[in-house]
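[1] A predicted structure for the sequence below; I have some questions about it.
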Amino acid sequence: MIRVLLAEDQAMVRGALAALLGREQDIEIVAEVARGDEVVQAALASQPDVALLDIEMSGGDGLAAAQALQKALPTCRSVILTTFGRSGYLRRAMESGALGFLLKDAPAAELAVALRRVMKGERVVDPELALSALSEGTNPLTTREREVLSASLFGASLAEIATRLILSEGTVRNHLSIAMQKLGAQNRMEAARLAEQKGWL
């Protein structure tokens, strides 16, 4: 029996996934959570074999949850299930220790098959996304460049970004300038949107 923890912030989607997987004779849902920061505690309590994690959740994303889970319960395998087919997310998922990366619009039957393959120690990745990740290369942005671009997504001023990140405005300007050059963007908002589309933020 494959014991599964479901982490998905949308109750309807979580219920549908639980119902879908519950039909499989060899799969049992042992825990369900709606927040990223509830994953580790629920996993320690229920001891799942696999954690099926959405990327975008309150209380921390699925990538952070996968990383925390790898440290807290190394026997549990993480599979990322997402709406967002971004190659940067795939790379980050693999770096966080996830064994699977599946898109929510994939055929439902593939999910149970993927969980069985992950239990055998195989990596399961959406093939088109894998090709896209290889063609786009690695994330060229430093951690600090990602931070200033993330802050720019919400239209924060240089002064606001500097205050939030405890940097001088000049340093923020330099990081933004370098990030814009790396991404071939005309301005910081365009750079932030490009980086977000690629899953680099």
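    Yes, it's here. Just so we're clear, the structure is a prediction, and the values are computed from it rather than from any experiment.

[2] need the longest helix for the protein.
    With secondary structure taken from DSSP state H, the chain has its longest helix at helix 169-183.

[3] what about dumping the CA coordinates of stretch 81-97 to PDB?
    Only the C-alpha atoms of stretch 81-97 are listed here, as PDB (Å, rounded to 0.1, in the frame of the first residue of the first chain):
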ATOM      1  CA  LEU A  81       1.800  18.700  -8.800                       C
ATOM      2  CA  THR A  82       1.300  22.100 -10.400                       C
ATOM      3  CA  THR A  83      -0.700  24.200 -12.800                       C
ATOM      4  CA  PHE A  84       2.400  26.100 -13.700                       C
ATOM      5  CA  GLY A  85       4.600  24.400 -16.300                       C
ATOM      6  CA  ARG A  86       7.600  26.600 -15.800                       C
ATOM      7  CA  SER A  87      11.000  25.100 -16.400                       C
ATOM      8  CA  GLY A  88      12.600  27.100 -13.500                       C
ATOM      9  CA  TYR A  89      10.100  25.400 -11.200                       C
ATOM     10  CA  LEU A  90      11.200  22.000 -12.500                       C
ATOM     11  CA  ARG A  91      14.800  22.700 -11.800                       C
ATOM     12  CA  ARG A  92      14.100  24.000  -8.300                       C
ATOM     13  CA  ALA A  93      11.900  21.000  -7.600                       C
ATOM     14  CA  MET A  94      14.700  18.600  -8.600                       C
ATOM     15  CA  GLU A  95      17.200  20.600  -6.500                       C
ATOM     16  CA  SER A  96      14.800  20.400  -3.500                       C
ATOM     17  CA  GLY A  97      14.900  16.600  -3.700                       C
END
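
[4] residues making contact with it?
    Stretch 81-97 is contacted by residues 8, 17, 52-56, 62-64, 66-67, 69-70, 78, 80, 101-105, 111, 123, 125-126, 128-130, 132-133, 136, 138-139, 195, 197-201 when judged by C-beta atoms under 8 Å, 6 or more residues apart in numbering. Bear in mind the C-beta positions are built from the backbone N, C-alpha and C, glycine included.

[5] Repeat that for stretch 26-34.
    By C-beta under 8 Å, 6+ apart, the residues outside stretch 26-34 that reach it are 1-9, 11, 14, 18, 21-22, 39, 42-43, 45-48, 57-58, 112, 115-116.
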